[in-house]
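> Sequence first, then the predicted structure:
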Amino acid sequence: MIMQFFIAFAVAAAAALAMTPLVIRLAHHVRAVDQPNERKIHTHPIPRLGGAAVCAAFLLTATFIFVTRSDMVRPPWGDPLQGAALVITCLLVLALGIWDDIKQLGPGKKFLFQVLLSSIVYIAGVRISIVSQPLGGGLLDLGWLGYPATVLWIVGIMNALNLIDGLDGLASGVAMVAAITIAAISFAKFEDAGTAMVAVILAGALLGFLRYNFNPAKIFLGDSGSLFLGFVLAVLSIRGSTKGSTAFALLIPALSLGLPILDTILSMVRRLLRPIIRMEGKGESTLRRLRSMFLPDRDHIHHRLLALGLSQRQAVVLLYFVASGLGCSAYGLTLVNHVGGVLIIAVAGVAIMAGVHRLRYREFAILRSGSLLPIYRHPFTQSPWFQGAIDTGFTIAAFLLAYTFGRDSALPDPGVEDFRLMLLGVTALQMSVFFFSGVYKGVLRHAGVEDAVRIMKSVAISLFIGAGLYLLLGLRVSDSLTRMFLLDFYFLMTLLVVSRFSFALLNRLAREKFEGKDPVVIYGTGDLAIAALRTILASPGLRLRPVGFLEDNPRMEGRTIHGYPVLGGHWRLERLLRSQTVSALIVASNDILPEVQKRIRQITRQERLPVRIFAPFSDLSVEMDSRSALVPAPVQPSVLAEQGRADVLLEKFLKIT
């Protein structure tokens, strides 16, 4: 059988090598060419119908193998009708991508077509309907939830491959690694030679296509390729997701496609946080700001690697290794027990967190910027109803974790209904104890040691009551049940205490960042002011701490920019200096009225406030001397000015004298 896999792989690779040049000519003929713009990496037009070459090589090779080797390997579909439906759907997905490559289909229409095509797959019988219970053995029937789960998975993977297709050879190489992972898991663990054969053929076609798609690329996958690959990989992963019997079976396909999924999640979180921490003061509604999470940008993982100084080839090869590591983790989950699975997930989680931290996303710096602190001060978050809702979720999560890792075969396996009643009973009991023990009498943002002690007592009391109820019902408190109680105590207490002290932690992080630094106010809210703010935040050596902005436009007062408030116009400066300590004023605006300059000069002379003009790209930097007269002081222009980078500047441009 291994030899059959090698033959199929080689045939698919040869077919892709032969067909890709033909598709390149076709793409030029129909003008399916990707033009360079500010979001693109390439600098000259490149054809983008690569999906047609991959699909043709894939389908022709699959047909050849399953017809000529039908005695050795059976197709993965259950009957010819299902196979025909899947092949037709593949062709429709390819047609959707080609249409988008040529005519630029709108995102709404494209999403609707993706949902319809995923629905066809569900009707054909390839669906997520019965999955392994992560709560200890047995199978869980999703019922009507199988349809949205199937559609969400297929549409999500299709768009994930589409999002990661930003560098030459990236999406095709990552898809090839995922296909090899699915093939290895399907054949070695589940003995599903049909699914493994399809995955091997797809990997071979992608290897042949990479000859023309790797940097410098002669052709792109385009939407025709990324949507097609996402669709096929999603369907193949569904085949394996229902075959595992371990508690981690649901994570196996997620890790197999971990890199595109991670990039998609990071993109959604970044775009959701961006309106919160980058309110530019343009009067946009909350709905419009939330819609920004669906707008394209140049902050995907591969873009960040390029920004860190890697070349295209280096970034792509590095991401190949990341995808391979996640694939090995997925394969490892099929071979280990609970303890080994937890270790693999922990190692993968730590590696992912370290990698994301290394990418230096500004949106994820909100913990240290203090932007989340106002949320904790909102009256709604201090209400017992809000805290109770959060604690209910923690109670459920702690019980599920304890049940997963503490239960063994010594306990009888409850049915789905019995388990739901058990979960409901435990949650109701613990929340009742929390309420009557006074857990919700404190103020969330002022939690102290006594709150932690009260939480510990409440959790312990609820578990003792639960153990007593077990005894009253005639059940024996075994070692396995005791282990469940102890794990539940540990998980629940940890979650509750961390949630109570998170405000203090955020406050401490925000305070540590600016500890011992001089407070400054920035005049202006335009691009120059944003550049000044970024320079301060990115340059610890300046020893400066921004307090907020001054802006003479009355409509801007009360707004926030990057988490810092607009305090008002220049007329607020005198009151601000009397109410709190300010060490300097940074003027970062090119359109200050003469009368405003005069008034600022009077206030700063009277209060003896140092002033510095922020002009990073000028040959002259203007500053105010001790007599508050504007005096030009020559400085050398920034080396970074040639790169157009206003966010990272030399210290001399912002030195307070």
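All right, it came through fine.

> Which helix or strand contains the most centrally placed residue in the chain?
For the chain, the residue lying nearest the average C-alpha position, counting by C-alpha atoms, centre = their mean, turns out to be residue 266 (1.8 Å). For residue 266, the enclosing helix or strand under DSSP states H and E is helix 258-277.

> Report all helices and strands that that helix contacts.
In terms of contacts (3 or more C-beta pairs under 8 Å, 6 or more residues apart in numbering; DSSP states H and E), helix 258-277 is packed against helix 146-164, helix 170-184, helix 286-291, helix 301-307, helix 312-333, helix 338-359, helix 366-369. C-beta coordinates here come from the backbone N, C-alpha and C atoms, glycine included.

> Reformat these into JSON lines and put distance to residue 106 and mean pLDDT next to each item.
Conversion of the helices and strands packed on helix 258-277 to JSON lines gives the following (distance: least, C-beta to C-beta, whole Å; pLDDT from 0 to 100):
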{"stretch": "helix 146-164", "distance to residue 106": "14", "mean pLDDT": "90"}
{"stretch": "helix 170-184", "distance to residue 106": "22", "mean pLDDT": "92"}
{"stretch": "helix 286-291", "distance to residue 106": "14", "mean pLDDT": "55"}
{"stretch": "helix 301-307", "distance to residue 106": "24", "mean pLDDT": "82"}
{"stretch": "helix 312-333", "distance to residue 106": "29", "mean pLDDT": "89"}
{"stretch": "helix 338-359", "distance to residue 106": "30", "mean pLDDT": "78"}
{"stretch": "helix 366-369", "distance to residue 106": "32", "mean pLDDT": "54"}
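
> May I have the phi/psi pair for residue 309?
The main-chain torsion angles of residue 309 are listed as degrees, to the nearest 10 and equal phi 110, psi 0.

> For it, give its distance to residue 267.
In this structure, residue 309 lies at 22 Å from residue 267, with C-beta to C-beta, to the nearest Å as the measure.

> With neighbour numbers in mind, choose between the two.
More crowded of residue 309 and residue 267, by other C-beta atoms under 10 Å: residue 267, with 21 against 8.

> separation between the more buried one and residue 329?
For residue 267, the distance to residue 329 - C-beta to C-beta - is 22 Å.

> Using the three-state scheme, assign residue 565.
Secondary structure for residue 565, judged by DSSP: H, G, I helix; E, B strand; the rest coil, is strand.

> Apart from its chain neighbours, what residue comes closest to it?
Spatial nearest neighbour of residue 565, excluding adjacent residues (C-beta to C-beta, 6 or more residues apart in numbering): residue 548 at 4.5 Å.

> Give me the pLDDT value at the one you found.
Residue 548 is assigned a predicted lDDT (pLDDT) of 86.

> surely it meets residue 564?
Yes: because the distance of 5.1 Å satisfies C-beta atoms under 8 Å, residue 548 is recorded as touching residue 564.

> still on that earlier bit, residues in contact with the residue nearest to the centre of the chain?
Counting by C-beta atoms under 8 Å, 6 or more residues apart in numbering, residue 266 touches 300-301, 356, 361.

> Now flag whichever of the residues you listed is closest to residue 483.
Of all the contacts of residue 266, the one sitting nearest residue 483 is residue 356; the distance, using C-beta to C-beta, is 33.5 Å.

> if we can go back for a sec, got a ChimeraX select line for the buried ones in the contacts of residue 266?
A single ChimeraX command is used to select the members of these judged buried by 16 or more other C-beta atoms under 10 Å:
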select :300,301,356
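
> And for stretch 81-97, what's in contact with it?
51-52, 55, 59, 75, 77, 105, 110, 113-114, 117, 120-121, 123-126, 158, 222-228, 231-232, 235.

> buried set for that stretch?
Using 16+ other C-beta under 10 Å as the test for burial, stretch 81-97 gives 82-83, 85-86, 89-90, 93-97.

> Filter these down to the ones in helices?
When the buried residues of stretch 81-97 are checked against helices using DSSP state H, the ones located there are 82-83, 85-86, 89-90, 93-97.

> Now render those residues as TSV, adding distance to residue 187 and pLDDT.
Supplementary listing: these in TSV, determined by distance: C-beta to C-beta, whole Å; pLDDT from 0 to 100:
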residue	distance to residue 187	pLDDT
82	21	85
83	19	85
85	24	89
86	20	90
89	24	93
90	22	92
93	25	94
94	26	93
95	31	93
96	31	92
97	29	90
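
> okay, those in JSON lines with distance to residue 531 next?
Output for those, formatted as JSON lines (distance: C-beta to C-beta, whole Å):
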{"residue": "82", "distance to residue 531": "58"}
{"residue": "83", "distance to residue 531": "59"}
{"residue": "85", "distance to residue 531": "56"}
{"residue": "86", "distance to residue 531": "53"}
{"residue": "89", "distance to residue 531": "50"}
{"residue": "90", "distance to residue 531": "49"}
{"residue": "93", "distance to residue 531": "44"}
{"residue": "94", "distance to residue 531": "46"}
{"residue": "95", "distance to residue 531": "46"}
{"residue": "96", "distance to residue 531": "42"}
{"residue": "97", "distance to residue 531": "40"}
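
> what's the angle from the helix or strand hosting residue 56 to helix 170-184?
Counting by DSSP H and E, the element that carries residue 56 is helix 50-68. For helix 50-68 and helix 170-184, the angle between their directions (axes from the mean of the first three to the mean of the last three C-alpha atoms, to 10 degrees) works out to 20 degrees.

> Could you chop this structure up by domain?
According to the domain assignment given by automatic domain parsing, the chain is divided into the following structural domains: 2-363, 373-512, 516-654.

> which of these is buried the deepest?
Using mean count of other C-beta atoms under 10 Å, the stretch among the domains of the chain with the largest mean neighbour count is domain 2-363, at a mean of 19.

> what does stretch 4-20 contact?
Around stretch 4-20, the neighbours that count as contacts under C-beta under 8 Å, 6+ apart are 50, 53-54, 56-58, 60-61, 64-65, 69, 72-73, 183, 187, 196-197, 200-209, 211-212, 219.

> oh sorry, the question was meant for stretch 456-472
The contact list for stretch 456-472, computed with C-beta under 8 Å, 6+ apart, reads 426, 429-430, 433-434, 437, 439, 477, 481, 485, 488-489, 492-493, 496-497.

> May I have it as CSV, with CA atoms only?
Output for stretch 456-472, consisting of C-alpha atoms alone and laid out as CSV, is shown next (Å, rounded to 0.1, in the frame of the first residue of the first chain):
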residue,chain,number,x,y,z
MET,A,456,-11.6,29.5,48.9
LYS,A,457,-14.1,28.9,51.7
SER,A,458,-17.1,29.0,49.4
VAL,A,459,-15.6,26.6,46.9
ALA,A,460,-14.6,24.2,49.7
ILE,A,461,-18.1,24.4,51.3
SER,A,462,-19.8,23.7,47.9
LEU,A,463,-17.6,20.6,47.3
PHE,A,464,-18.3,19.3,50.8
ILE,A,465,-22.0,19.7,50.3
GLY,A,466,-21.7,17.9,47.0
ALA,A,467,-19.8,15.0,48.6
GLY,A,468,-22.5,14.8,51.2
LEU,A,469,-25.2,14.6,48.6
TYR,A,470,-23.4,11.8,46.9
LEU,A,471,-23.4,9.9,50.2
LEU,A,472,-27.1,10.5,50.8
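
> tell me the mean pLDDT over it?
82.

> Distance from the chain centre to it, please.
Here the centre of stretch 456-472 is set off from its chain's centre by 39 Å, with C-alpha atoms, centre = their mean, to the nearest Å.

> Tell me the spacing between the residue nearest to residue 355 when sequence neighbours are not counted and residue 308.
Distances taken as C-beta to C-beta, 6+ apart place residue 322 nearest to residue 355, at 7.3 Å, with adjacent residues excluded. Separation of residue 322 from residue 308 (C-beta to C-beta) stands at 14 Å.

> Out of the contacts of stretch 81-97, name the ones that lie in helices.
Assignment to helices by DSSP H places the following of the contacts of stretch 81-97 there: 51-52, 55, 59, 110, 113-114, 117, 120-121, 123-124, 158, 222-228, 231-232, 235.

> all strands for the stretch 551-657 of the chain, in order.
Assigned by DSSP state E, counting those that start in this stretch, the stretch 551-657 of the chain shows strands spanning 560-561, 564-568, 584-587, 611-613, 620-624, 630-634.
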